Each structure stands twice: as C-alpha cells, then as structure tokens.
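Trainee: sequence and predicted structure are below.
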Amino acid sequence: MMKQVKQAALITMIILTMIIAGCSSVAPPKAALEAATAKTMAAESYKMSMTMQLDELELPEAGGVDASMFSPAQVAGIVKDATIKADVAYSSEPMRADVNLEVILPGMMDMKLAVPMIMTEKVMYIQVPSLPMFGIPESIVGKYIQFDLEELAKQEGVDSLNLNVAEQQKMAQDLSAALLKHFDEKTYFSNVKAEEAGLPEGLKVDQVVKFAIDVENYPQTVETIVNKALPEILDILMNNEAYLETAGIEKADLEEVKANLDTNKTELLNLLQNDLKFNVLEVTGGIKDKYLVYQGGKISVQMKDPESGLDGKFGGTFSAQYSELNKKIEFPALPTDALTTDQLAELFGGAAGL
C-alpha cells in the first residue's frame, strides 16, 4: 500500500511543479489571465530567455555509497549556487527548436559549460563542449553530434521519442487548468504593481499577478489537490494517449493510483503535509497585449523519510521572458559537418587505442 501512496505523492508533486509553467491560467482577473496563458501556449513561434538559480541544496547521506563516487555532500557542494541559462528559439512548422544552454558551477571554480542544441522532428544535434578534464579530443570540440531520434527510440524500446513541443504545452495547459481551478482566489492570488514585481529592466506589461503557496496555506493546498484536483488530473491523463506518451507514464500505473486513492488518502495527505512538501512556491506572471510575456518566482521543497532519517532540501529562483510571439523566426542553416554517433565512437575508440 505504501508503494501506491508514494506513487500518488510523486505524481502530485510533479503536477504541482507544473504551476511554474502555467500558473497564471487561473489568476484574477480570471478571464484575462486564462486567455493570456492560452494565447502564449498556442503560439506557433517564439523566443524565450530563461534563468534558474539554485540557492539551496541539501542531499541526504545514504549508506553503501561507492567510495569512488562523489558523496551527496560533495555533489551538493558542486551544484549549490549553480546557474542555468537557456535561450530558446522555437517554431512549430516546420518543427525546430534551437537551445543555447549554459551551466555555471561556482563550486567547480566557476566552471561554465555551454551546450548549444538543435531539435527538429526527426533529428537532434548537440554541440560538443570543451571539457579537458573528461578527455574530449580537441578535434571535435565545437562540432555537432547528430542523433537520429527514430534510432534512439528503438534503442530505448519505444515507438518514438516524443519531442512534440506543442503537445507538451497543451498538456501543461490542461493539467494546470484542472489543478488551479480548485484554488481559492483570495487565498492564493494577488495583483502586484509592475514596479514592485522585479520585472526585467525595460519590460513593459499591462498586468502583473502573483500566485503563492506558503507554510500557512500549504495544508489547505494539499487537501485541495488530493480531494479535488488529483482525481480529475488522473482522468485527463488516462484518457489521453498523447499525454501519456508525452509524460512517459504508463496508463496501468495511473489506474493503480486511482484505484487505491480513497483507501490510501489518509497516508497520502500525511506524506504530503509532513514528509514531502513545498515550503514556498511563488510565481509572478506579467501580461502584455494579452500574452503572458514573463514568469518569475521562487521555490523551496523539503523531503524527509522518518524511517531512515534521510533529509533533503531544494530551493531556487527562476525567470522566463517570451518575445517574438507568432513572428517568423530566422534560423541558421543546420550543421552540414555533424558527426554521427558511429563516427564519434570510432574517434573515441581510436583515441583509446582500441
């Protein structure tokens, strides 16, 4: 029974984090924000700049860890205060997404890892970064590696790798709406003055709304999710094959969770309220010309297991700004000298003297 409870808790927390992607769909004035979120998610093209800052990270120590591996404390020391930046250009027809990803690790002497990626419907390209400590040959640094998505799917034993961004956006919108329509406006939502919202410099908006979960309203939040939102969300997922594929969830697992939901409800409520919970989740959304053009906020999650004594925390801030919505995106030409995975294996085999 505990297995089912933990499955339900995990699904609930995953869905709750989707507020970050679509929280503004049920904020006052409700009609305006619903329309703005729907309009942005339905955009056929856009550019987005995103930043995530990891401010708090405590990983539980576990017994039996291989001494040759990094300990949880060492991993936390490396990753804590990390900054992740991503600049995205996206078009739905033909499907293409260019992502310039940068990771900055202060715990590794301010190491910067830049990884440009290009995704099309059938092919993904990843540029080889410069990482001397990992023995990557200089001859391939800066070159793109080409991955055939159909071949990768076969290797993973699935029919296809779902990189349908539009489908992912639609799923996030539907699940967010199903979740947040049950939240009390007075408890969770408030209007914010633009000058007090911490918007990016120069960004002009027509309206700013804040959604907030905190220690005081968290018990009510859990009750709302478990008793009202979760059953509806499970139905949405189970009745949509495309969503199941996009989320990588088996229908049978969700059916098991729902079948045991009433029986395990007390355990699930206790688990979410005491052992796996959000201390803070704040999201601020900015609307301009009926588009949701900005989202920013902070998150703090705590996880503990009374039986083992393990305790962990995760916290950080995030922001995302959209531009060029529904405008033509000029993409550079696809790489013509990209290496296949077979060619890459040959290069590394030769370098190792194999």
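Mentor: Received it, and whenever you're ready, just let me know what you need.
Trainee: for residue 311, give me its contacts.
Mentor: 58, 60, 302, 303, 304, 305 (Cβ atoms under 8 Å, 6 or more residues apart in numbering). The C-beta positions use only the backbone N, C-alpha and C, and glycine is treated the same way.
Trainee: mind checking the SS state of it?
Mentor: strand (DSSP: H, G, I helix; E, B strand; the rest coil).
Trainee: which stretch of helix or strand covers residue 126?
Mentor: Here residue 126, judged by DSSP states H and E, is contained in strand 123-127.
Trainee: and the strand or helix carrying residue 210, which strands flank it?
Mentor: Assessed by DSSP H and E, residue 210 sits inside strand 207-213. The strands beside strand 207-213 in its sheet (DSSP bridges) come out as strand 189-191 (antiparallel), strand 276-288 (antiparallel).
Trainee: show me what counts as buried in the first one.
Mentor: Along strand 189-191, these residues count as buried under the neighbour rule (16 or more other Cβ atoms under 10 Å): residue 189.
Trainee: which residue packs closest to residue 92, ignoring adjacent ones?
Mentor: Using Cβ to Cβ, 6 or more residues apart in numbering and skipping residues adjacent in sequence, the residue nearest residue 92 is residue 44, 4.6 Å away.
Trainee: measure the one you found to residue 120 for me?
Mentor: Counting by Cβ to Cβ, to the nearest Å, the gap from residue 44 to residue 120 is 16 Å.
Trainee: poorly predicted segments of the stretch 1-150 of the chain, please.
Mentor: Scanning the stretch 1-150 of the chain for pLDDT under 70 picks out 1-35, 60-73, 76, 132-135.
Trainee: hey, where'd the helices end up in it?
Mentor: 2-17, 19-22, 30-41, 72-79, 149-156 (DSSP state H, counting those that start in this stretch).
Trainee: likewise the stretch 151-300 of the chain?
Mentor: 165-180, 185-188, 218-224, 230-238, 241-247, 251-259, 265-270.
Trainee: and these: which comes nearest residue 328?
Mentor: helix 165-180 (17.2 Å; Cβ to Cβ).
Trainee: now the closest one: how far from the chain's centre is it?
Mentor: 13 Å (Cα atoms, centre = their mean, to the nearest Å).
Trainee: identify each buried residue in it, please.
Mentor: In helix 165-180, counting by 16+ other Cβ under 10 Å, buried: 165, 168-180.
Trainee: again with stretch 106-115
Mentor: residue 107.
Trainee: correct me if wrong: residue 344 contacts residue 140.
Mentor: Yes - with contact defined as Cβ atoms under 8 Å, residue 344 reaches residue 140; the gap is 7.4 Å.
Trainee: residue 262: how many residues sit nearby?
Mentor: 9 (other Cβ atoms under 10 Å).
Trainee: gap between it and residue 150?
Mentor: For residue 262, the distance to residue 150 - Cβ to Cβ - is 42 Å.
Trainee: state the mean pLDDT of the host helix or strand of residue 346.
Mentor: Here residue 346, judged by DSSP H and E, is contained in helix 341-351. Across helix 341-351, pLDDT averages out at 72.
Trainee: what do you get for stretch 302-320?
Mentor: For stretch 302-320, the per-residue pLDDT averages 82.
Trainee: centre of the chain versus it, how much separation?
Mentor: Using Cα atoms, centre = their mean, the offset of stretch 302-320 from its chain centre is 16 Å.
Trainee: now that stretch - C-alpha only, CSV.
Mentor: What follows is stretch 302-320, C-alpha atoms only, in CSV (Å, rounded to 0.1, in the frame of the first residue of the first chain):
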residue,chain,number,x,y,z
GLN,A,302,11.7,19.7,1.6
MET,A,303,11.8,15.9,1.6
LYS,A,304,12.3,13.6,4.6
ASP,A,305,11.9,9.9,5.4
PRO,A,306,11.3,9.4,9.2
GLU,A,307,12.1,5.7,8.9
SER,A,308,15.6,6.2,7.6
GLY,A,309,16.2,9.7,9.0
LEU,A,310,17.1,10.9,5.5
ASP,A,311,16.5,14.7,5.0
GLY,A,312,16.9,16.8,1.8
LYS,A,313,16.1,20.3,0.6
PHE,A,314,15.9,22.1,-2.7
GLY,A,315,15.4,25.7,-3.3
GLY,A,316,15.9,28.3,-6.0
THR,A,317,14.6,31.1,-8.2
PHE,A,318,13.6,31.2,-11.8
SER,A,319,12.5,33.7,-14.5
ALA,A,320,11.4,33.4,-18.1
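Trainee: flag every buried residue along it.
Mentor: Those would be 302, 303, 304, 312, 313, 314, 315, 316, 317, 318, 319, 320, for stretch 302-320 by 16+ other Cβ under 10 Å.
Trainee: again with stretch 272-279
Mentor: So, applying 16+ other Cβ under 10 Å, buried residues of stretch 272-279: 272, 275, 276, 277, 278.
Trainee: centre of the chain to that stretch, how far?
Mentor: Here the centre of stretch 272-279 is set off from its chain's centre by 19 Å, with Cα atoms, centre = their mean.
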